[in-house]
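okay, sequence plus prediction incoming.
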Amino acid sequence: MRAFAGPIPTPPPPGRFEHPAVPEDVERHLESATSRARRSVLDPLARRRGTGTVGFPRRLNLPSLDGTTAAAVQVDETTCGSAVLAMLGLAGDPRAALRLASGDPASRFVRLQHAVQVATNRRGLLVAGWPRTYGTPPWGAARFASYGGVRYTHRVAGSRALLEAAVACARAGLPVPLYTGGDVTGGWGSAVPRHVVLLTLADGEGAEGSAVLYEPSGAGLHTVPVAALLDPPPAPSGGAEMSHSTAERTAARVRKALTAALGGWPHIAWVLLPERAGRWHGADTRATIEDR
């Protein structure tokens, strides 16, 4: 794993990263669209809706011009990473979001996931390609990932500082893909990255506030406390959920919400972070997705 460790990329400064500009042809196409359709195209990750409530996930639907309701769900058990990268790309490219919204969003999202998977799995570690059955490798995901022209790199999770950088990026308006998994107590097979989710939004400062994660197997937007994302609450001793006090009940509720947000896994194993640190210097980060 040391080969995938390294310095943590410098996060953008506090505030919002400028949302990708809406091309004139997209603006013209959306002039006659309903406010709901326009919002679905320009805000595919539904960040305008805010952080929500812990323990009450909301469904993320695909962009649609005709009001079609189709969940942003992964195609199969191998395409969680593909779904996350697809939604990341759509959020950073209004023209691509419009193309998907202009036809049958569900079928186009299926084709998009397959195309993303082919692109990310072309290169393995010791083999020419990465087997599809193993899902999306973090290095392939980082090579493909893009948000409005911003590129990503990858780091093995293992420090609070790395997760703090991920939260800082989300607070600045840059979504962050997270690989999740178990630990060696569940066997070595569960200790490797097993699922991919997308940190879409975070508010507050430091360990305060809430974060939202897109979980593709259920197309859910899950709200969790930032503090729990940085330092997951430990399971009660003895393996039993003790709920004799308000604090214990709250901790149990947060653990349940965090596990659901991470796709049923307890830990973050790998992180994709924006790497173009030089871009942040002198950039105007005040524009928000709400300004659109």
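Yes, it's here.

report pLDDT for P23.
Looking at P23, its pLDDT stands at 94.

in the chain, where is pLDDT below threshold?
Residues of the chain that meet the criterion pLDDT under 70 lie in 1-5, 14-18, 123-134, 183-192, 236-244, 276-292.

hmm, try it at 50
1-3, 124, 126, 184, 187-188, 190, 239, 277-292 (pLDDT under 50).

would you map the strands across the stretch 1-150 of the chain?
Here the stretch 1-150 of the chain has its strands, by DSSP state E, counting those that start in this stretch, at 58-59, 146-147, 150-156.

can you list these in CSV and add distance to T250?
All C-beta spots, glycine's among them, are computed from the backbone N, C-alpha and C. CSV is the format used below for the strands of the stretch 1-150 of the chain (distance: least, Cβ to Cβ, whole Å):
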stretch, distance to T250
strand 58-59, 21
strand 146-147, 34
strand 150-156, 31
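
so which residue is dead centre in this protein?
L198 (1.1 Å; Cα atoms, centre = their mean).

partners of it in the sheet?
Applying DSSP bridges to L198 gives these bridge partners: P177, Y214.

still on that earlier bit, export the strands of the stretch 1-150 of the chain to TSV and tack on mean neighbour count?
As requested, those are exported to TSV (neighbours: other Cβ atoms under 10 Å):
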stretch	mean neighbour count
strand 58-59	14
strand 146-147	19
strand 150-156	20
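
of those, which is nearest D76?
Counting by Cβ to Cβ, D76 lies closest to strand 58-59 out of the strands of the stretch 1-150 of the chain; the figure is 19.1 Å.

chain center to that closest one, what's the gap?
14 Å (Cα atoms, centre = their mean, to the nearest Å).

would you list every one of the helices in the stretch 1-150 of the chain?
24-30, 35-42, 80-92, 94-102, 105-120, 138-144 (DSSP state H, counting those that start in this stretch).

now do the buried residues in the longest one.
The neighbour-count criterion (16 or more other Cβ atoms under 10 Å) identifies 105-106, 108-110, 112-114, 116-117, 119-120 as the buried residues of helix 105-120.

how about those in a markdown table, adding distance to D203?
What follows is these, written out as a markdown table (distance: Cβ to Cβ, whole Å):
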| residue | distance to D203 |
| --- | --- |
| P105 | 28 |
| A106 | 31 |
| R108 | 32 |
| F109 | 28 |
| V110 | 33 |
| L112 | 29 |
| Q113 | 29 |
| H114 | 35 |
| V116 | 29 |
| Q117 | 32 |
| A119 | 33 |
| T120 | 30 |
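
before we move on, the earlier item: quick one, what contacts the residue nearest to the centre of the chain?
45, 84, 87-88, 175-178, 213-214, 216 (Cβ atoms under 8 Å, 6 or more residues apart in numbering).

in JSON lines: those residues, plus distance to P234 and neighbour count.
Formatted as JSON lines, the contacts of L198 follow (distance: Cβ to Cβ, whole Å; neighbours: other Cβ atoms under 10 Å):
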{"residue": "L45", "distance to P234": "30", "neighbour count": "21"}
{"residue": "V84", "distance to P234": "27", "neighbour count": "32"}
{"residue": "M87", "distance to P234": "31", "neighbour count": "27"}
{"residue": "L88", "distance to P234": "31", "neighbour count": "28"}
{"residue": "P175", "distance to P234": "28", "neighbour count": "27"}
{"residue": "V176", "distance to P234": "24", "neighbour count": "27"}
{"residue": "P177", "distance to P234": "26", "neighbour count": "28"}
{"residue": "L178", "distance to P234": "20", "neighbour count": "25"}
{"residue": "L213", "distance to P234": "20", "neighbour count": "29"}
{"residue": "Y214", "distance to P234": "26", "neighbour count": "29"}
{"residue": "P216", "distance to P234": "27", "neighbour count": "26"}
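
okay, those residues in CSV with distance to H267 next?
Putting those into CSV (distance: Cβ to Cβ, whole Å) gives the following:
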residue, distance to H267
L45, 23
V84, 17
M87, 22
L88, 21
P175, 20
V176, 16
P177, 15
L178, 10
L213, 14
Y214, 18
P216, 18
